[in-house]
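**Q** Sequence first, predicted coordinates after that:
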Amino acid sequence: MSKYTAPADSLVLYGQTFHSRLLLGTSRYPSPAVLEAAVARAKPAMVTASLRRQGNNAAETGASFWELLRKLNVPVLPNTAGCMTTQEAITTAQMAREVFDTPWIKLELIGDDYTLQPDTLNLVEAASILIKDGFQVLPYCTEDLVLCQRLVDVGCQAVMPWAAPIGTGRGPANPYAMQMLRERLKVPLIVDAGLGRPSHACTVMEWGFDAVLLNTAVALSEDPVRMAGAFADATQAGRDGYLAGAMAEQTAAQPSTPVLGTPFWHHD
């Protein structure tokens with residue numbers, strides 16, 4: 001009997017291949033040890049870090065934090081969290097490139113400090129400037145189709161729409177718009193923000209999204225290490241389900257075992 005081997009399936013961003021479809025944030029963990037263990041369990045493609053937002057605990061402050069990032073041996077995706085103007089975001093990105101020695105940047109340009117909603121009016125311009133400056137930009141944005149298309153038009157080879165506002169854990173708030181976005185755009189789409197449960201990650205991956213980025217859902221859970229593993233497993237399960245192709249939904253019950261004729265014991 002021949003052994004079945006599933007086709008290779010890797011996340012590719014800006015021509016670089018990653019072994020995982022989960023990205024993990026590094027803030028708000030109870031301790032450096034918990035952060036390190038969560039990363040070891042999840043084995044993410046990248047971990048995110050911000051120059052501007054540092055927490056109040058030892059996992060997020062001082063030189064020890066940067067040393068921990070190096071120790072994790074996972075590619076770092078710097079972000080421009082907390083930036084409220086285009087110039088702020090550009091300057092922060094340039095500083096991050098020097099500190100982390102990487103052209104990768106998660107572009108966050110916040111338009112509302114209550115909902116942390118992206119500044120949809122200036123985000124495209126900021127992305128365009130950074131791309132022309134040699135950055136590989138992953139822009140945090142809403143699920144708005146036109147906005148995401150404009151980001152692709154200026155050179156973003158992937159975009160990161162939210163499922164719901166940052167830190168809410170509500171899961172996909174607008175399934176129709178997210179599925180339409182996946183249908184219309186051909187670049188990698190990474191769901192960033194708003195996922196709270198492993199089932200949320202599985203759902204968006206089943207829709208065909210390419211990856212998920214998590215922070216609060218893991219860091220503020222009762223057991224971040226176990227939750228990191230749960231999200232990693234759910235992300236892969238969702239991807240496998242998408243690739244396998246789910247059966248079509250039916251309006252009526254269908255027998256799982258076909259029946260032909262009448263049972264033998266009904267025969268005369």
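**A** Happy to help now that I have it.

**Q** so what's residue 121 closest to, chain neighbours aside?
**A** Leaving aside its chain neighbours, residue 121 sits nearest to residue 111 (7.2 Å; criterion: CB to CB, 6 or more residues apart in numbering). Heads up, the C-betas are built off the backbone N, CA and C, glycines and all.

**Q** So that neighbour: helix, strand or coil?
**A** The local conformation at residue 111, judged by DSSP: H, G, I helix; E, B strand; the rest coil, is strand.

**Q** what about it, how many neighbours?
**A** By the measure other CB atoms under 10 Å, the count of residues near residue 111 is 15.

**Q** and what of residue 241?
**A** Count around residue 241 with other CB under 10 Å applied: 15.

**Q** just checking, it touches residue 206?
**A** Yes. Using CB atoms under 8 Å, residue 241 makes contact with residue 206 at a distance of 4.8 Å.

**Q** So what does residue 15 look like in phi/psi?
**A** phi 80, psi 0 (degrees, to the nearest 10).

**Q** Distance check, the residue nearest to residue 121 against residue 90.
**A** As judged by CB to CB, to the nearest Å, residue 111 and residue 90 stand 16 Å apart.

**Q** How about residue 138?
**A** Counting by CB to CB, the gap from residue 138 to residue 90 is 15 Å.

**Q** who has more neighbours, these two?
**A** Neighbours were counted for residue 138 and for residue 90 using other CB under 10 Å; residue 138 has more, 29 against 21.

**Q** Okay, now the unreliable bits of the protein?
**A** 1-2, 4-7, 52-63, 258-268 (pLDDT under 70).

**Q** 50 instead?
**A** 55-56, 58-59 (pLDDT under 50).

**Q** So which residues of it form helices?
**A** Using DSSP state H, the helices found in the chain span residues 32-42, 62-72, 86-100, 123-132, 145-153, 175-184, 198-206, 216-219, 224-244.

**Q** Output the ones you listed in TSV; the columns should cover distance to residue 117.
**A** As requested, the helices of the chain are exported to TSV (distance: least, CB to CB, whole Å):
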stretch	distance to residue 117
helix 32-42	27
helix 62-72	27
helix 86-100	15
helix 123-132	11
helix 145-153	11
helix 175-184	14
helix 198-206	19
helix 216-219	16
helix 224-244	24
